[in-house]
Every structure is written in C-alpha cells, then in structure tokens.
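>>> Prediction below, plus the sequence it came from.
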Amino acid sequence: MRVLLFFLFIPMIISCSQPADLKTGTWRGVIRMQEQDLPFTFDVEKTNEDYRLYMKNASERLLLDEVSVAGDSVKIVLHVFDAELRARIKGNVLDGTFVKNYAPSGNLPFRATFGDDYRFIPKSPDAAVNFAGKYQLTFQTSKDSYPSVGIFEQQGNTVTGTFLTPTGDYRYLEGNVVNDELRLSAYDGNHAFLFTATLAGDSIRGHFYSGHASHETFSGIRNADAVMPDAESLTYLKEGFDKIDFTFPDLEGKPVTPGDARFQDKVLILQIFGTWCPNCMDETKFLSQWYASNSSRGVEILGLAYERKDDFAYASDRVKKMKAKWNVPYHFVIAGVNDKEKAAATLPMLNNVLAFPTTIFIGRDGKVKHIHTGFSGPGTGLYYEQFVQRFNEIVNELLASPQPDVAR
C-alpha cells in the first residue's frame, strides 16, 4: 500500500515543480482604479521557453520582453518603466497587481482573461453617437485648468485618437461608444488613462481618470479649426540670460557642462526628460533615429534625466536600462528629480520647467535659440509630422549659421 501511495504521489511532485503555462494568444486585461475598469489588450508569444508580450493601444504594439514564469505566477516587467504586472496564472485567467516599484501606494488590482479581444465592448458597425472630429477643449483639475485639442476617428462603435495638451499628448487612446457614452483608455506600462465623455450637439463633456487618485473634467466644442498654444513660447530664458549653464554628472558620475570640448562649435540639443515619462519615450525614439542619421553634421544631443528618486545609483540604472533597450546613441546626465519646481531650480535661467519633455536648441555660439515645450508623438498624426518638420527646420537653420570666432 505504501509503495502504491508513493507512485501516486510522484506525478503530484512533478506537477508542482513545473511552472504553469501562460497561454499564447490574445488576452484582455483590466486595471481597477477609482471604482472604474480600465481595459487593454495584449498578445502573448512564446519561442522555446521565452515569453514576450505586445501591449496594444490603437495602432501601437509595445514590446515587453522581460517575462518570467515561476510556479503558478508570472512577472511582466513593463518596458523601461520601474513597474511590473504580477499575477497568478489560473488557466484562462491572470489575477494580480499592477505594481509601481517606485511608489507602492499607487499599486492597482489587475486581472486578465484569455481569448477576449475587445476594449470596452465587442466591435459593432453601429453606434448611437458619432464622436469623430476635432475638439477645442479645456481640462479642469482641482487647482487650475489647461487647454487641449481632442482628435478622434470612429469606425462603427470603435474610436481611436488622443488629446493634445501644452505638456504633451495622452498617446494612443482606443475605445468604444457604449450606448451614448464615449469610453477611451490607454495603458503603456506606467500611466493608466481612462476617459469618458458625452456629446450634446457639438458640445462635449467628460472625465479623465489617471492612476489611483487623479481625476479631472473636460469640456469643449467640436471645432475643425481647434488650435494649441505655441509650443515655442511657453518656456523661455529669464531676462539677462542667453545661455544654459549647468554641471551635472553623466551615468558614470563624471561632470558634464555645455561648455565641454565635445560640444564646441556644434549645435547642441538638450532634452529635459525622464525614463518614467511616456511622451519622453516617444521623443527619445525619434531623437535616437534622427541622431543616428545626422550626428556627422555637427550636432550633439544631451539628455537631462529627472528621475523618480533623488538617488544617483537608481537614476543612472534607469537611464542605462533605457539606453540599452532602445540602443540610444546619444549621451545623458543625471540632472535631478521629476518634480517640476525642483527641476526648474536646477536650471534657474529658465522661467520654468513646464513639461517633460522640453527640448532646448543651442546654436554653435553657445546661445539658446529655441525652446520647445512638450512633445506631440506619433499618436497625434499630423501634429507629429509638423513637429518633425519644424525640428529639422530649426536644426538646419542653426547649422547654416556661421561658426563662432570664439569658443562657447
């Protein structure tokens, strides 16, 4: 009898030691926040024993290639962000938590179901309301307000688009018209955005939920001529200044200044950014490709990283990971933390640091020529194309200027 029990127990030991199977195919995830459900979809692929995920928001597929399965649990590192999805695998269900390692108080419940491939409701060729168009909007926070332009496309009950703001866009939004309400969501691994809205004639009103606590309202009208404030007028040098000056450590701790020999007689582009910032992620991808094609023209790019913690080792590790994952070819320094007032204190010649990212163009004479606040990424369509065109115009103009007679 003991022998029989022993052999019956062997399969149990083997099954307990083997990791659960994370099914390949499409999953529908839901993050629960502020008594709301934020849905997103992702695809799971497996090669040999290695998993990879593609997080989907509208036309974007964001690769997640740090996936580990141990026992009945899975951990998904969320791109370059200091965040993870941790869950138990229960057949066709994942049950767990969206974890922000840098801010545990922001952790949120996460659940996913295998085989579901819809956002809020299944796609349909019909919808009760058509939200397509361009909108002039105002967002209202608990303290102030800011202008925005909303741009939406609609096919049946499926809506994609984004909101542009003076500090950047809300990236790739996707959702549905549910009865007479618009619902849009985006989840990029760090920011969890949920929008709801209703339409009365051409007037729109809605809510914006972000993470575990942030809530704003917005309102406006459908307007094909909606415009944003000039992104080159929001951040500027204070009176009496014509240059940017600083000394920040590079990723190895060595001091860097704009006057270093490597920047002499060159156009220098400063990128105020953070690895936690999705708009910065979009700009960094653009700058990386652009620099690879243009560095030989006498242009340098220097990223000024403002990270989540006032800890050099932590900050440099985050930037090193980003550089390695995206093969970013230009240099970075650690400038401070991601608080805008504290960031502004590190660059006291600026009127403020309004947005991450902010791009500063310095001529070959060492003087600041243009400052662009925010970034309209590829999810904004025409606005992104206009940014790229303007970026090249500025650089070409600065490269065409005569070389200075004296060093900066």
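Ah, there it is.

>>> Report the contact partners of residue 85.
Contact analysis of residue 85 by C-beta atoms under 8 Å, 6 or more residues apart in numbering lists 29, 74, 75, 76, 78, 94, 96, 97, 98, 99, 110. Every residue, glycine included, has its C-beta placed from N, CA and C.

>>> which residues touch residue 196?
Each residue near residue 196 by C-beta under 8 Å, 6+ apart is listed here: 181, 182, 183, 184, 206, 207.

>>> Could you dump those residues into TSV and include neighbour count, secondary structure and pLDDT?
Output for these, formatted as TSV (neighbours: other C-beta atoms under 10 Å; DSSP: H, G, I helix; E, B strand; the rest coil; pLDDT from 0 to 100):
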residue	neighbour count	secondary structure	pLDDT
181	17	strand	98
182	25	strand	99
183	24	strand	99
184	29	strand	99
206	21	strand	99
207	15	strand	99
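
>>> how about stretch 206-216 as CSV, C-alpha atoms only?
Output of stretch 206-216 as CSV, limited to C-alpha atoms (Å, rounded to 0.1, in the frame of the first residue of the first chain):
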residue,chain,number,x,y,z
GLY,A,206,-16.2,64.3,-19.8
HIS,A,207,-14.0,62.9,-17.1
PHE,A,208,-10.3,61.9,-17.1
TYR,A,209,-9.1,59.3,-14.6
SER,A,210,-5.4,58.6,-14.1
GLY,A,211,-3.9,56.0,-11.8
HIS,A,212,-5.2,55.5,-8.3
ALA,A,213,-6.3,59.1,-7.5
SER,A,214,-6.0,61.7,-10.2
HIS,A,215,-9.4,62.9,-11.6
GLU,A,216,-10.1,65.8,-14.0
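
>>> Walking through this protein, point out its helices one by one.
Along the chain, counting by DSSP state H, helices occupy 2-17, 278-294, 312-326, 340-346, 382-400.

>>> so what does the fourth one touch, helix or strand wise?
Using 3 or more C-beta pairs under 8 Å, 6 or more residues apart in numbering; DSSP states H and E as the contact definition, the elements that helix 340-346 packs against are strand 331-337.

>>> For the strand it packs on, give the mean pLDDT please.
Confidence over strand 331-337 (mean pLDDT, whole number) is 99.

>>> which one of the contacts of residue 196 sits closest to residue 334?
Relative to residue 334, the closest of the contacts of residue 196 is residue 184; by C-beta to C-beta it sits at 35.1 Å.

>>> what is that closest one paired to in the beta sheet?
When bridges are taken as DSSP bridges, the partners of residue 184 come out as residue 175, residue 195.

>>> pretty sure it contacts residue 161?
Yes. With contacts defined as C-beta atoms under 8 Å, residue 184 counts as touching residue 161 at a distance of 7.3 Å.

>>> Give me the common contacts of these two.
Shared contacts of residue 184 and residue 161, defined by C-beta under 8 Å, 6+ apart, comprise residue 173.

>>> Show me how the chain divides into domains.
16-114, 133-222, 248-400 (automatic domain parsing).

>>> looking at those, which is closest to residue 234?
Nearest to residue 234, of all those, is domain 248-400, at 4.1 Å by C-beta to C-beta.

>>> picking up where we left off before, any idea which of the contacts of residue 196 is closest to residue 270?
residue 184 (33.3 Å).

>>> So residue 76 sits against residue 66, correct?
Yes. The criterion here is C-beta under 8 Å, and residue 76 meets it with residue 66 at 7.4 Å.

>>> Could you tell me how many residues sit around residue 247?
When neighbours are defined as other C-beta atoms under 10 Å, residue 247 has 11 of them.

>>> tell me the contacts of it?
255, 256, 257.

>>> In a markdown table, list those residues along with distance to residue 168.
Formatted as a markdown table, the contacts of residue 247 follow (distance: C-beta to C-beta, whole Å):
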| residue | distance to residue 168 |
| --- | --- |
| 255 | 30 |
| 256 | 26 |
| 257 | 28 |
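
>>> Now, of those residues, which are buried?
Buried members of the contacts of residue 247, counted by 16 or more other C-beta atoms under 10 Å: residue 256.

>>> buried stuff in stretch 132-148?
Across stretch 132-148, burial judged by 16+ other C-beta under 10 Å covers 133, 134, 135, 136, 137, 139, 147, 148.

>>> how long is that stretch end to end?
Using C-alpha to C-alpha, to the nearest Å, the end-to-end distance of stretch 132-148 comes to 16 Å.

>>> What lies in contact with it?
Here stretch 132-148 makes contact (C-beta under 8 Å, 6+ apart) with 149-154, 159, 163-167, 204, 208, 216-224, 226-229.

>>> From these, keep the buried residues only.
149-152, 154, 159, 163-167, 204, 208, 216, 218, 220, 222, 226, 228.

>>> What about those, which are in strands?
149-152, 154, 159, 163-165, 204, 208, 216, 218, 220, 222 (DSSP state E).

>>> Greatest separation within those: which pair is it?
Every pair of those checked by C-beta to C-beta; the farthest is 154 and 216, at 23.0 Å.
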